[in-house]
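**Student:** Build the 3D model from these lines:
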Amino acid sequence: MTVTAKNPHLEELGQFLKARRSELSPTALGLPPEDPGTRRVSGLRREEVAAHAAISHDYYSRIEQGRLAPSPPVLDALAHTLRLTPVQRTYVEGLARQVDRRTSPRRRPAPARPQIQRLLDQLTLTPAFVVGKYLDFIAWNPLAAALLIDIDKMAPHERNYVRMLFADPRMKDFYDDWEGMARTGVALLRMQAVDNPKDPRLANLVGELSVGYPLFRQWWASRHVASQNFGSKTINHPDLGELTFDWDSFYWSGDPDQHLTVWSPAPGSPSEEKLRILGSWIQQSGTAENVTARWNKL
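**Tutor:** Numbers count the residues shown, from 1 in each chain. Model (predicted):
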């Protein structure tokens, strides 16, 4: 199918394939290596990708230019040729599915339902929070507020995970591997853009971070994607010190843009003991305010 008007999903699909092409060397396709300096492009040439995928050079060029939607067999061949990972394949297939769908500016993010907030508050020994579209924090419990630096004091537009990683200088001490966390955060944000790459709300966030933070601009342009539902992390809280958690995310069927994330320390670990003390103080005071100040007096 040839598309005459600019289609945001086709544009992004073409740019994504171009980015992946630039990362592959000729030897990845079994081609002989060339002498340094003889190859004028970074990575593979368009004609090399087209030949390996058994399509014409013109056909592939129009795909990269955002002028043509590849058929499922062609997209499968390109995914194989460009050595796409399962997550990358999910991304390009998601873009291709959206080509014929009309996209409109996304509505304002829905708040967490009162029942979800009640559930969060009942998790008195487990940090838990709800993240919405584009990694906005939309609800949390007091224990999470005590661990996520000043999230309860931020303006609503500041409560975004990726924005916090770049805009709050304390986050570079919060994570030992700040660069790894930030790169992953950018890739997660890119993955969440699959249904509407031109969403004005996303564009505002990306524009702000691109202007203010060169690393974000560089990593966003690289078009890497990621998807995570569980893992482990270690944080360096400015008052509580080092804490290590396993974390899991659960999607709410009523709104697939929202998911609940819980952090759980290993039983018997120093992190569990810190959370137990922290949780008991919060229960006594009913708030996370001044809790860390009490911790510093120990």
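
**Student:** where are the low-confidence patches of the stretch 1-150 of the chain?
**Tutor:** 1-5, 35-38, 102-109 (pLDDT under 70).

**Student:** residue ranges of the strands in it, please?
**Tutor:** Ranges of strands in the stretch 1-150 of the chain, per DSSP state E, counting those that start in this stretch, are 128-131, 137-140.

**Student:** For the first one, give me every contacting residue.
**Tutor:** Where contact means CB atoms under 8 Å, 6 or more residues apart in numbering, the residues beyond strand 128-131 that reach it are 112, 116, 120, 137-141, 143-144, 148, 161, 249, 258-263. Every residue, glycine included, has its C-beta placed from N, CA and C.

**Student:** Weed out the non-buried ones from those residues.
**Tutor:** 112, 116, 120, 137-141, 143-144, 148, 161, 258-263 (16 or more other CB atoms under 10 Å).

**Student:** Please flag which of these sit within helices.
**Tutor:** Among the buried ones among the contacts of strand 128-131, the members found in helices (DSSP state H) are 116, 120, 143, 144, 161.

**Student:** how much space between the residue minimising distance to the centre of the chain and residue 135?
**Tutor:** Central residue of the chain (CA atoms, centre = their mean): residue 188, 1.3 Å from the mean position. Distance, residue 188 to residue 135, using CB to CB, to the nearest Å: 6 Å.

**Student:** So for these two, which residues contact both of them?
**Tutor:** Jointly contacting residue 188 and residue 135 under the rule CB under 8 Å, 6+ apart are residue 162.

**Student:** what about the spatially closest residue to residue 94 that is not a sequence neighbour, how many residues close to it?
**Tutor:** Closest residue to residue 94 apart from its sequence neighbours, by CB to CB, 6 or more residues apart in numbering: residue 194 at 4.1 Å. Applying other CB atoms under 10 Å, we find 19 residues neighbouring residue 194.

**Student:** Check residue 41 too.
**Tutor:** Residues contacting residue 41 under the criterion other CB under 10 Å number 10.

**Student:** just the one 3 residues further on next, same as before
**Tutor:** Neighbouring residues of residue 44 were enumerated by other CB under 10 Å; the total is 23.

**Student:** Check what contacts the host helix or strand of residue 189 and list those residues.
**Tutor:** According to DSSP states H and E, residue 189 maps onto helix 178-192. Helix 178-192 has contacts (CB under 8 Å, 6+ apart) with 87, 91, 133-135, 161-162, 165-166, 171-172, 175, 202, 205-206, 215-216, 219-220, 223-228, 233.
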